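Enquirer: fold the following and give me the result.
(one chain, ligands or ions: 1)
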Amino acid sequence: MSLPAAVLDALRDAVGPAHVLTDPDATGGYAIDWTGRFRGRTPAVVRPADSDEVARVLAACNEARVPVVPQGGNTGLVGGSVPGAGEVVVSLRRLDRIESVDPRAAQLTAGAGATIAAVQRAASGAGFRYAVDLGAREVATVGGTIATNAGGLHVLRYGPTRRQVVGIEAVLADGRTIRRLEGLEKDNTGYDLVSLLCGSEGTLAVVTAARLRVVPRLACTVTALVAFDSVAEAVDAVGTCRRDLDSLHAVELFLGDGLQLVCEHLALPRPFPDRHHAYLLVECAAATDPSEQLGDVVASLATARAVAVAVDDARRRNLWRYREGHTEAINQLGAPHKFDVTLPADRLAPFVDSIGDVVRAVVPEARVWVFGHAGDGNVHVNVTGVAPDDDAPAEAVLTAVARAGGSISAEHGIGVAKRRWLPLTRSATELELFRALKQAFDPRGILNPRVLVPPEP
Ligand SMILES: Cc1cc2nc3c(=O)[nH]c(=O)nc-3n(C[C@H](O)[C@H](O)[C@H](O)COP(=O)(O)OP(=O)(O)OC[C@H]3O[C@@H](n4cnc5c(N)ncnc54)[C@H](O)[C@@H]3O)c2cc1C
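Expert: Next up, the predicted model:
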């Protein structure tokens, strides 16, 4: 797993010796993912400071046919940022510059290594907001969220990351750079390479900067937690919220057993005296106070068993902790198998109700936790109590999703975790095109070679 001396020299020349890490104590944190399920080793972590340095690093690796893994915040959940086969890690975190918002265009330019929280703060400082928000906001980066086309909490209203990206600067495997950062909202000059790079998971190019849309900051936000006796009732209530709440900002689902785990793990009080089977967290945001509108709609839900409404930030944050605490609480049970899937709206409730039994039929000792972005038909199925390399839960969950007409990845991507199962929901013709694109962008196959694109059958 060592690198030829000439390659190491070229990397040191490109970024300076201090930014080529080779000591396993220093590289270890770059070689394991956030969940602890995906682990690898790397001969070097290279930390370029700008796109020119990224270009020199990639050109050197391409020349020597050394595979690389681009890495941002390393919060990805499908193993795509981990050097599982001894790849060089190219960490983009030093490219964290954010330029000020242009209010005329409602756009800003950010380096690939800027965190989502930093972009949110920059947008907010200019009276705007950045529409992408997710639990990993303090660590996840612009480049990583583009590479995974991250979703998050407000897809329902603003769409995923792809919809926020107006332009991209990216370095190809051989070191050539494409730069489309002018911020043109209309540009019909052929293939949309910017959109193609969104969701490409570091397999086509390394994103070094992006021109991002920002949206109006909405002064008033109100959040409600609503309890139901069944998932079907909760899913039906999502439809009512969509129809009657024009300020709808987020609709999140979790279940009674997940809530119990979060309360125990984070030492939180239960939200309601009684236990219920399903919960929706419904948030509205608008220029004027939407609490009356939200209150009226929640009161009209005949199936609601208990309701808590929070208007001030501290109480709203408390309600969000019940939902956002799930990832952390589940993780402390041991490295989970994570499946991030979308179902057609009419299949969502039956899927949520049955998936625990589907998994336990093949792994009886498994525990299954379901929560997610109900407004998008997107649920996260987490399976604990199973060995990290046991594929049985993936086979069971992803096959069930495909049979129900869903997608095996709603927002986390394919990575290494789901590559084997991509043919479940992508046709042979589509996969041929994937391979042709990969070949066109990265003919020597050095960029994230184990990720996303399955090998020829
Ligand atoms: C607590 C928690 C909550 C989360 N919530 C959500 C959620 O709600 N929605 C959601 O979609 N995801 C969520 N995630 C997953 C994760 O945060 C996203 O996938 C995020 O987009 C990863 O960004 P990152 O910078 O950490 O990328 P990394 O993990 O470093 O990399 C992810 C992938 O992108 C590639 N990559 C990284 N940077 C670049 C670059 N500059 N150019 C090219 N390729 C690159 C990597 O090679 C890898 O394949 C969550 C994760 C955690 C830990």
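
Enquirer: mind listing what His326 touches?
Expert: Taking CB atoms under 8 Å, 6 or more residues apart in numbering, we find His326 in contact with 254, 258, 261-262, 369, 371, 380, 382. Backbone N, C-alpha and C define where each C-beta goes, glycine included.

Enquirer: just the ones in helices from those residues, please.
Expert: Residues of these located in helices (DSSP state H): 258, 261-262.

Enquirer: by neighbours, which of those wins?
Expert: Neighbour counts for the ones in helices among the contacts of His326 peak at Val262, which has 24 neighbours (criterion: other CB atoms under 10 Å).

Enquirer: show the backbone phi and psi for whichever residue of the stretch 351-457 of the chain sits closest to the ligand.
Expert: In the stretch 351-457 of the chain, no residue comes nearer to the ligand than Glu411, which is 3.4 Å away by CB to the nearest ligand atom. With angles defined as degrees, to the nearest 10, Glu411 sits at phi -150, psi -20.

Enquirer: can you give me the distance of the spatially most central residue of the chain to Asn62?
Expert: Note on the chain: the residue nearest the mean C-alpha position is Ala150, at 3.8 Å, using CA atoms, centre = their mean. Counting by CB to CB, to the nearest Å, the gap between Ala150 and Asn62 amounts to 27 Å.

Enquirer: tally of neighbours for the residue of the stretch 351-457 of the chain closest to the ligand?
Expert: Residues near Glu411, counting by other CB under 10 Å, number 25.

Enquirer: where does Gly190 fall, phi/psi-wise?
Expert: According to degrees, to the nearest 10, Gly190 has phi 110, psi -160.

Enquirer: all strands for the stretch 201-350 of the chain, in order.
Expert: Secondary structure of the stretch 201-350 of the chain, counting by DSSP state E, counting those that start in this stretch: strands at 206-213, 215-216, 220-228, 248-255, 278-286, 306-310, 337-342.

Enquirer: who's in contact with the fourth one?
Expert: It refers to strand 248-255. Contacts of strand 248-255 (CB under 8 Å, 6+ apart): 153-154, 156-157, 218, 221, 231, 234-235, 238, 241-242, 262, 277-285, 322-323, 326, 352, 369-375, 379.

Enquirer: same deal with stretch 445-457?
Expert: 58, 61-62, 65-70, 79-80, 84-85, 87, 173, 200-206, 413-416, 419-420, 422-423, 431, 434-435, 438, 441.

Enquirer: which of those are close to the ligand?
Expert: Restricting the contacts of stretch 445-457 to those near the ligand by CB under 6 Å from any ligand atom leaves 69-70, 80, 201-202, 206, 415.

Enquirer: what's the farthest-apart pair in these?
Expert: Greatest spatial distance in these: Val206 and Gly415, 16.4 Å, computed using CB to CB.

Enquirer: quick revisit: the residue of the stretch 351-457 of the chain closest to the ligand contacts Asn378, correct?
Expert: Yes. The pair Glu411 / Asn378 is scored as a contact, 6.5 Å apart, by CB atoms under 8 Å.

Enquirer: if we can go back for a sec, would you turn the ones in helices among the contacts of His326 into a markdown table with distance to Ala394 and pLDDT?
Expert: A markdown table is the format used below for the ones in helices among the contacts of His326 (distance: CB to CB, whole Å; pLDDT from 0 to 100):
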| residue | distance to Ala394 | pLDDT |
| --- | --- | --- |
| Gly258 | 20 | 98 |
| Leu261 | 22 | 97 |
| Val262 | 25 | 98 |
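
Enquirer: would you mind listing what in this structure touches the ligand?
Expert: 34, 69-77, 80-81, 92, 112, 134-136, 140-141, 143-145, 147-148, 150-152, 201-202, 206-207, 327, 411-412, 415, 448, 451.
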